[in-house]
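1. Mind looking at a prediction? Sequence and model below.
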Amino acid sequence: MILNKTTDELINIKIRYADNFFKRFKGLMLKRNIDFVLLFTNLTGSNIHTYFMMSEIDVYFLDRNKIIFEKASLKPWKFYKPGKKAKYILETKKDCLKLKIGDKLEFI
């Protein structure tokens with residue numbers, strides 16, 4: 001689950017962790033039914049791609065305080081580089097979450 005500490009909203013969605021190289025590399029590739037968020041941790045970089053993706057996704061870039069500083073909606077076969085390096089990245093299907101830049105999150 002995700003707690004949006006800015007709005008006090010508890011979002012009941014499963015979190016899967018991409019906390020190693022293989023999980024980060026695979027990401028959401030070849031997934032059709034995305035009913036979870038993928039949380040990238042232990043990052044060495046913040047660039048992402050949507051190669052081999054089956055649908056559009058929303059990507060949220062968070063700083064070390066878990067505050068969203070950038071959001072991108074990406075179609076398959078795109079590459080994206082955020083304006084600055086992220087500490088955490090959230091990926092999910094497009095329009096699944098109603099989060100905004102500036103929201104502070106907690107992962108439960």
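-> Nice, I can see it. Numbers count the residues shown, from 1 in each chain.

2. Please count neighbours and contacts with C-alpha atoms only from this point.
-> OK.

3. Nearest residue to residue 10 in space, ignoring adjacent ones along the chain?
-> Counting by C-alpha to C-alpha, 6 or more residues apart in numbering, residue 10 lies nearest to residue 3, which is 4.5 Å off, once chain neighbours are set aside.

4. Can you list the neighbours in contact with the least confident helix or strand in the chain by mean pLDDT?
-> For the chain, using mean pLDDT, DSSP states H and E, the weakest element among its helices and strands is helix 21-26, scoring a mean of 78. With C-alpha atoms under 8 Å, 6 or more residues apart in numbering as the test, helix 21-26 has contacts from 17-18, 40.

5. I'd like to know which of those are buried.
-> By neighbour count, with 16 or more other C-alpha atoms under 10 Å, the contacts of helix 21-26 hold 18, 40 as buried.

6. At the geometric centre of this structure, which residue sits there?
-> Geometric centre of the chain, nearest residue: residue 90, 1.4 Å, by C-alpha atoms, centre = their mean.
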